[in-house]
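[1] fold the following.
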Amino acid sequence: MHSIQIRPFEALDAPWLVAVHDFLYSRDEGFDDSFVVLVKEILDDFITNHDAKRERGWIAECDGKPLGSIFCVALSETTAKLRLFLLLPEARGMGLGKRMLESCMGFARGAGYTEMRLWTHESHKAACALYGSTGWQLMDSKPVHSFGVDLVEQSWKIQL
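    Numbering: from 1, shown residues only. Okay, the predicted model is just below:
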């Protein structure tokens with residue numbers, strides 16, 4: 001790959017982000033349409049209501065082609081939430097996910113948050129391994145039926 005950059009999310013990125021979430025999660029996880037509805041709602045809310053000083057999204061791209069995303073949003077005054085962390089399969093295994101995660105966490109620290117949290121699924125093994133290797137702690141793990149499939153939902157946190 002050529003030069004990879006991580007740039008700020010723009011509203012024009014939303015259709016791509018919704019489509020890639022829909023495609024990858026239906027293909028790889030068997031998720032139904034309720035998942036893409038949730039992704040669209042998260043993005044619509046971010047575009048309409050986010051606080052630019054305390055919340056931000058990023059797009060990783062190479063030569064203008066988007067490769068992934070990550071978002072930092074407020075959960076409370078002191079706690080940020082990591083959302084919509086995604087890398088295309090061809091962009092995995094190069095350290096880009098760690099770079100994106102570190103950028104997001106650095107922003108959260110700079111915005112005054114003292115903790116970050118995230119919600120994911122056990123099936124996202126590479127992401128969970130990344131969280132564990134960068135100091136995140138697994139808080140909770142439980143079986144659920146979401147998005148039309150049986151999953152093990154996980155909650156993680158880190159002190160910033």
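[2] buried residues, the lowest-mean-pLDDT helix or strand in the chain. List them.
    Sorting the helices and strands of the chain by mean pLDDT, DSSP states H and E puts helix 125-133 at the bottom, at a mean of 93. Residues A127, C128, L130, Y131 are the ones in helix 125-133 that count as buried (16 or more other Cβ atoms under 10 Å). C-beta coordinates here come from the backbone N, C-alpha and C atoms, glycine included.
[3] look up phi and psi at G135.
    phi 100, psi 0 (degrees, to the nearest 10).
[4] the closest residue to it other than its chain neighbours pairs with what?
    Among residues not flanking G135 along the chain, I158 sits closest, at 5.4 Å (Cβ to Cβ, 6 or more residues apart in numbering). Going by DSSP bridges, I158 is paired in beta bridges with M116.
[5] list the contacts of I158.
    Residues near I158 by Cβ atoms under 8 Å, 6 or more residues apart in numbering: M105, E115, M116, Y131, T134, G135, W136, Q137.
[6] so what touches the next helix or strand after the least confident helix or strand of the chain?
    For helix 125-133, the succeeding helix or strand toward the C-terminus, using DSSP states H and E, is strand 137-146. Residues outside strand 137-146 that contact it (Cβ under 8 Å, 6+ apart) are 34, 117, 122, 128, 131-132, 150-158.
[7] where along this structure do the strands fall?
    Using DSSP state E, the strands of the chain run over 4-8, 56-62, 65-74, 79-87, 115-121, 137-146, 149-159.
[8] now the fifth one against strand 137-146, angle please.
    Between the axes of strand 115-121 and strand 137-146, defined by axes from the mean of the first three to the mean of the last three Cα atoms, to 10 degrees, the angle is 40 degrees.
[9] where does this protein dip in pLDDT?
    Scanning the chain with the threshold set as pLDDT under 70 gives 1-2.
[10] please repeat the previous calculation with a cut-off of 50.
    By pLDDT under 50, the weakly predicted segments of the chain are 1.
[11] show me the contacts for L96.
    Contacts of L96 (Cβ under 8 Å, 6+ apart): I4, A60, L67, G68, L87.
[12] any idea how far R109 lies from E115?
    R109 is 10 Å from E115, where distance means Cβ to Cβ, to the nearest Å.
[13] shared neighbours of those two, which are they?
    If you check R109 and E115 against Cβ under 8 Å, 6+ apart, the residues they both contact are L160.
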